[in-house]
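Engineer: dropping the sequence and predicted coords here.
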Amino acid sequence: MFSSKYILAAFAMVSSASAAALSAANVRAIEKHQPENGCFTIPVVSDTCTSFTGGLSFLDETVSNAQVPAGFVCTFFSAFGCSSSSPNDKVVLTGGTWDFFSVPGNNGNESFNDEASSFSCSPI
């Protein structure tokens, strides 16, 4: 029989590992007008909206590619504040590198190039 201390210790290790994975996750976005600057790394804060405003305003409606961390699903929105008024103004992407010229949409692959203004990610 497992003691309560053993189960609590195991839970603490799993919780610590999960928190470490979340804190190390980043979305990498490539801005089309300055590809010579490379990719821009944006830390993922789980279930929090990141709008392309302030220091990220240069990315607003200019993102052509993104790298979503493994084990995450990210939704990119065409509006600030991760708001959506129709199914066509957002795309949902799982871990991997995505070319926004062809991403999964409601009617097969569609272009979301130069449309993203915000995003939100969650662990799967």
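Structural biologist: That came through fine.
Engineer: show me what secondary structure element comes after the lengthiest strand in the chain.
Structural biologist: Taking residue count as the measure and DSSP state E as the definition, the longest strand of the chain comes out as strand 63-77. Sequence-wise, the next helix or strand beyond strand 63-77 is strand 90-99, with elements assigned using DSSP states H and E.
Engineer: for this structure, which spans come out with low pLDDT?
Structural biologist: Residue ranges of the chain with pLDDT under 70: 1-24, 30-38.
Engineer: rewinding a little: what strands line up against the longest strand of the chain, and which way round?
Structural biologist: Sheet partners assigned to strand 63-77 using DSSP bridges are listed as strand 26-31 (antiparallel), strand 90-99 (antiparallel), strand 118-123 (antiparallel).
Engineer: partner strands of the helix or strand that the first one is followed by, with direction?
Structural biologist: Helices and strands here follow DSSP H and E; after strand 26-31, the next one along the chain is strand 39-43. Strand 39-43 has the following sheet partners, assigned by DSSP bridges: strand 26-31 (antiparallel).
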